[in-house]
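A.B. asks: next comes the sequence, and after it the predicted model I'd like to discuss.
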Amino acid sequence: MMHYLHATFNITPWTLLIPCATILLLVMKLGTTTTLALSTLLGVIGIFLFQPSLLSTIEGTDNPSLLIHAKAIFNILASETSVPTGHELLDSLVSTGGMKGMLSTILLILCAMIFGGVMIGTGMVSTITHSVTKRLKRSQSIVSATVGTGLMLNACTGDQYLSIILNGNLYRNLYHRNRLEPRLLSRSIEDSTSVTSVLIPWNSCGLTQSSVLGVATLHYLPYCIFNIMSPLITIAIAWVGFRIRKPAYKAIA
């Protein structure tokens, strides 16, 4: 495998400049769109600097013009790209789907956001909030309900980010009313909603992972020990009362 890698790619430490530059952009907090655009541009420049022979292989010609170069770069970013290495496993690893390969996930996210917008706009969220939270008084039951609601929303909405937003809106006032830290709400949502989304096949995260890995969600699920244990440990810690602090503000009616 090492032989085929070196025969196909120019492997050099200089290629680490691109991910290092991306990390620098993140540290500078330039914004998601700016960081993605500049990182993509750096990746394109890196092809010409570090992998010129690979570009010729993708283009299928030894004498490409500027137009052919531009077309090849567009295909790499937008559609499926395969690089023949002579090794079956490597061929599958270095093949990419580009933006086209993410369309199914994007469509699922759009549908989930539309669904969430309807729930908020029609007042269903406020109705659900009242019915779920009216009997919750103790911190243990509140945290347990937050975790359970996160799991339910992941399964019902089909999108991690929408589940996080809805779960936060459901319990924000309840945490404030019972003098529980906002950090506790954030941590409970993270430990339940965020980490379990990859365990649900029809969730956008589960769909993305199974598409990238080529492994069905239910096949890799038993090995996701952290994702399974995280919500259980969160509930256990809440019932023990560890690090459940009361903020300084007064309770509201």
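C.D. replies: Arrived safely. Numbers count the residues shown, from 1 in each chain.

A.B. asks: export the host helix or strand of T234 as CSV, just CAs?
C.D. replies: Secondary structure from DSSP states H and E places T234 in helix 225-240. In CSV, the C-alpha atoms belonging to helix 225-240 read as follows (Å, rounded to 0.1, in the frame of the first residue of the first chain):
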residue,chain,number,x,y,z
ILE,A,225,-19.2,3.4,23.3
PHE,A,226,-18.8,7.1,24.0
ASN,A,227,-22.0,8.1,22.2
ILE,A,228,-24.0,5.4,24.0
MET,A,229,-22.6,6.1,27.5
SER,A,230,-22.5,9.9,27.4
PRO,A,231,-26.3,10.5,27.9
LEU,A,232,-26.4,7.7,30.6
ILE,A,233,-23.5,9.2,32.5
THR,A,234,-25.1,12.6,32.3
ILE,A,235,-28.2,11.4,33.9
ALA,A,236,-26.3,9.5,36.6
ILE,A,237,-24.2,12.5,37.5
ALA,A,238,-27.3,14.6,37.7
TRP,A,239,-28.9,12.2,40.2
VAL,A,240,-25.7,12.1,42.2
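
A.B. asks: now it: buried residues?
C.D. replies: Buried residues in helix 225-240, counting neighbours by 16 or more other Cβ atoms under 10 Å, are found at 227, 230-231, 234-235, 237-238. C-beta: built from backbone N, CA, C; applies to glycine.

A.B. asks: how many neighbouring residues does C20 have?
C.D. replies: Neighbours of C20 under the rule other Cβ atoms under 10 Å: 11.

A.B. asks: what's the answer for L136, then?
C.D. replies: 18.

A.B. asks: that one touches L174, doesn't it?
C.D. replies: Yes: with contact defined as Cβ atoms under 8 Å, L136 and L174 form a contacting pair (6.4 Å).

A.B. asks: which stretches of the stretch 101-250 of the chain have low pLDDT?
C.D. replies: For the stretch 101-250 of the chain, the stretches flagged by pLDDT under 70 are 242-250.

A.B. asks: quick one: the helices in it?
C.D. replies: Counting by DSSP state H, counting those that start in this stretch, the stretch 101-250 of the chain has helices at residues 103-121, 124-133, 139-157, 160-177, 182-189, 195-196, 204-213, 217-220, 225-240.

A.B. asks: of the ones you listed, which is nearest T96?
C.D. replies: helix 204-213 (10.1 Å; Cβ to Cβ).

A.B. asks: before we move on, the earlier item: quick check: angle from the helix holding T234 to helix 139-157?
C.D. replies: Helix 225-240 and helix 139-157 are oriented at 150 degrees to each other (axes from the mean of the first three to the mean of the last three Cα atoms, to 10 degrees).

A.B. asks: make 13 the starting number, not 1.
C.D. replies: In the new numbering, first residue 13, that becomes helix 237-252.

A.B. asks: which residues are in contact with helix 237-252?
C.D. replies: Identification of contacts with helix 237-252 by Cβ atoms under 8 Å, 6 or more residues apart in numbering yields 151-152, 155-156, 159, 162-163, 199-200, 203-204, 207-208, 210-211, 233, 255-256.

A.B. asks: now, of these, which are buried?
C.D. replies: Looks like these have 151-152, 155-156, 159, 162-163, 199-200, 203-204, 207-208, 210-211, 233, 256 buried, using 16+ other Cβ under 10 Å.
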